[in-house]
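K.L.:
Sequence and computational prediction follow.
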Amino acid sequence: MCEAKEDLDKICETLDKLTLDALFLVQEEIDLKLNVENAMSGGEAHLAKTRYIIGQNNVSALQLPTENSAEFSSVIKVEGSESLLGANTYTLREIKKSEDETVQEPLRWFGFLVPQNLNFAQKMFRQALQWSVQAVNTQNQLQRVLHSISSLKEVKSNLTA
Amino acid sequence: MALHSAMKGKLISVIGDEDTCVGFLLGGVGEINKNRHPNFLVVDKNTAVSEIEETFKKFMKRDDIDIILINQNIAEIIRHVIDSHNTPIPAILEIPSKDHPYDASKDSILRRAKGMFNPDEML
């Protein structure tokens, strides 16, 4: 009887800690998404300036590769690894032309002499990508914590039943 | 092959409006693979919901994609498909767009977290 009570206390203590962790992770996730938003709106402002310089239709989805374009690889990839808590964590990796010959520089889709603003837009969107990957890592941790909370709640309800 | 792809890393795919796709592809995430399948979808007002759903499901099945970035307003349209996804890979991240600022109350994961902190659930 006494042991069961001790177990219950331990479970409640762990649940408290996990709940606090989850709250911190929720706050972190929201902050990261707001950072993504800021970086994206900065990038979009530079895209708008580029459109003003080289024309409305010269920076649009029409310049993006289609299914009929030649095969090419992405410049940015993610590498995943499992963290100590068991959640997947990702890091961004830039692929160099020397590593993979099929890598294409995206700026070339918009012409050879592109305005400086397009370079700025690229930098801002790379920044947004960095924030996004961090947000994914936090999201994975949060999912892990939520899963632990629900499993512990089940154990707790079995003990109290 | 597996070692080769692990060395090279995995892809980030994008489902979003024109500016989101142009921006992230400019950032370098775009790829057309040897089967001529892109890892992005530009959604405009003429894109059918079924097309968005199909593309999303296709991205979920591809083993070379680890992260799917989707505009929150587009995620709202296919919410039932997103909510039914419960595997860690690929990770789905809802991002804001130019016309729709980020709203935490609509986010799938955060709504799940909020449900956990329901006073009735805490007992």
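P.N.:
Great, that's in hand.
K.L.:
so where's chain A shaky on pLDDT?
P.N.:
By pLDDT under 70, the low-scoring segments of chain A are A:1-2, A:84-86.
K.L.:
And the helices in it?
P.N.:
A:2-54, A:116-160 (DSSP state H).
K.L.:
and the ones you listed as CSV, adding mean neighbour count and distance to B:Lys57?
P.N.:
Placement of C-beta: from N, CA and C, glycine included. Formatted as CSV, those follow (neighbours: other Cβ atoms under 10 Å in any protein chain shown; distance: least, Cβ to Cβ, whole Å):
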stretch, mean neighbour count, distance to B:Lys57
helix A:2-54, 16, 24
helix A:116-160, 19, 20
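K.L.:
Name the single longest helix found in chain B.
P.N.:
In chain B, ranked by residue count with DSSP H as the criterion, the top helix is helix B:49-61.
K.L.:
And the contacts of the very next helix or strand once past it?
P.N.:
Using DSSP states H and E, the helix or strand that directly follows helix B:49-61 along the chain is strand B:65-71. Contacts to strand B:65-71, defined as Cβ atoms under 8 Å, 6 or more residues apart in numbering or on different chains, come from residues A:78, A:80, A:90, A:132-133, A:136, B:10-17, B:20, B:24, B:39, B:43, B:56, B:59-60, B:82, B:89-97, B:100.
K.L.:
if I look at A:Gln134, how far off is A:Thr160?
P.N.:
With distances taken as Cβ to Cβ, to the nearest Å, A:Gln134 is found 39 Å from A:Thr160.
K.L.:
actually B:His100, sorry about that
P.N.:
Counting by Cβ to Cβ - B:His100 and A:Thr160 are separated by 44 Å.
K.L.:
so, in contact with chain A or not, the longest helix of chain B?
P.N.:
No. Applying Cβ under 8 Å from any Cβ of the partner chain, one finds helix B:49-61 separated from chain A by no less than 12.1 Å.
K.L.:
which secondary structure elements does that helix contact?
P.N.:
strand B:11-16, strand B:40-42, strand B:65-71, helix B:72-77, helix B:79-83 (3 or more Cβ pairs under 8 Å, 6 or more residues apart in numbering or on different chains; DSSP states H and E).
K.L.:
Determine which stretch of these is the most buried.
P.N.:
Mean neighbour count, computed with mean count of other Cβ atoms under 10 Å in any protein chain shown, is highest for strand B:11-16 among the helices and strands packed on helix B:49-61, reaching a mean of 27.
K.L.:
Any chance of the helices and strands packed on helix B:49-61 in a markdown table with mean pLDDT as columns?
P.N.:
Formatted as a markdown table, the helices and strands packed on helix B:49-61 follow (pLDDT from 0 to 100):
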| stretch | mean pLDDT |
| --- | --- |
| strand B:11-16 | 94 |
| strand B:40-42 | 93 |
| strand B:65-71 | 93 |
| helix B:72-77 | 92 |
| helix B:79-83 | 88 |
